[in-house]
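Visitor: Pasted the sequence and its predicted model underneath.
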Amino acid sequence: MARRKKILVVDDERDLVELISVNLQRNGYEVITAHDGNTGLEMARKQRPDLIVLDVMMPGLSGRDVTMALKSDPDTATMPILMLTAKTEETDIIVGLSMGADDYVTKPFSMKVLVARVGAVLRRKAAAEPALSILSAGPVVIDQSKHEVTVQGRPINLTPTEFKLLTAIFSARGRVLTRDQLMDRAMGTDVFVTDRAIDVHITAVRKKLLEYSWMIHTVRGVGYRLLEKKEEEATV
């Protein structure tokens, strides 16, 4: 069964949030909500929704501030945003879109129109994603577009460096990657990192993979490679 798309709705009008939530849920979406910009930004970073329905005019941290924060962070820069606003001036719409919003709906609006716009943005995102955004082997699935890793459907929390290392090893599909290659892919070519630092990160990733730690295999004196079947250990 396909995973339900997760929508984060952020608006200080609680009645409107509830109405939007009900309509999105009726159309098969999972919905999480926040009623201020700070909470919305925190939830976006932690929950990694597939799309954010974001009010522009909120007290404190505005929708524009939230958008700027998300778009300036590489981990959340591709997260689609559909902005809500009571303003109808063309210049306001242009400003919102230029900041990175994917679509714009002005209040008051029809719930059918909002749901249709949500679906359209999600379809555009899916069409634009690279074919290899999902990497998997055995029970481990890496969603590069969402920066998520699951083991048997359970999410695990990796640091950005750990995520890049695991992604590099999975992308190699069994080829051995040297420590120098892993350093370049995880930290860049202009950063000096010792072999020991890479080994420490790999150890941390293995611990988080729990009983599937064997999938990251050490090739002594060379580096690391992916094992897709445990019985391969006896032959490598």
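Guide: Looks like it arrived, so ask away.
Visitor: use CA for all of it now, contacts and neighbours both
Guide: OK.
Visitor: If you count residues, where's the longest helix of the chain?
Guide: Among all segments of the chain classified by DSSP state H, the helix with the greatest residue count is helix 111-128.
Visitor: helices or strands next to the next helix or strand after it in the packing?
Guide: Once helix 111-128 ends, the next helix or strand along the chain (criterion: DSSP states H and E) is strand 134-137. The contact analysis (3 or more CA pairs under 8 Å, 6 or more residues apart in numbering; DSSP states H and E) places strand 134-137 against strand 140-143, helix 160-171.
Visitor: quick one: the nearest residue to residue 146 once chain neighbours are set aside and residue 153, what's the gap?
Guide: Spatially, and ignoring its direct neighbours in sequence, residue 146 is nearest to residue 48 (6.5 Å; CA to CA, 6 or more residues apart in numbering). Distance, residue 48 to residue 153, using CA to CA, to the nearest Å: 16 Å.
Visitor: next one: residue 56
Guide: 35 Å.
Visitor: can you check residue 171 too?
Guide: Relative to residue 153, and taking CA to CA, residue 171 is found at 20 Å.
Visitor: Settle it for me: which of these two has more neighbours?
Guide: When neighbours are counted by other CA atoms under 10 Å, residue 171 comes out ahead of the other of residue 171 and residue 153, with 14 against 10.
Visitor: for that one, what are its contacts?
Guide: Each residue near residue 171 by CA atoms under 8 Å, 6 or more residues apart in numbering is listed here: residue 135.
Visitor: Which secondary structure state does the residue sitting nearest the centre point of the chain sit in?
Guide: The C-alpha lying nearest the average C-alpha coordinate of the chain belongs to residue 146 (CA atoms, centre = their mean; 2.2 Å). The assignment at residue 146 comes out as coil when based on DSSP: H, G, I helix; E, B strand; the rest coil.
Visitor: Would you mind measuring from it to residue 64?
Guide: Applying CA to CA, one obtains 22 Å for the distance of residue 146 from residue 64.
Visitor: Find the helix or strand that residue 101 is a member of.
Guide: Residue 101 belongs to no helix or strand when assigned by DSSP H and E.
Visitor: That one - nearest residue in space that isn't next to it in sequence?
Guide: Closest residue to residue 101 in three dimensions, ignoring its sequence neighbours and counting by CA to CA, 6+ apart: residue 81, at 5.0 Å.
Visitor: what's the neighbour count on that neighbour?
Guide: 27.
Visitor: Now it. Its backbone dihedrals?
Guide: Phi and psi for residue 81, reported as degrees, to the nearest 10, are phi -130, psi 130.
Visitor: Report the beta-bridge partners for it.
Guide: With DSSP bridges applied, the residues forming beta bridges to residue 81 are residue 52.
Visitor: So it sits against residue 53, correct?
Guide: Yes. Counting by CA atoms under 8 Å, residue 81 touches residue 53, with 6.1 Å between them.
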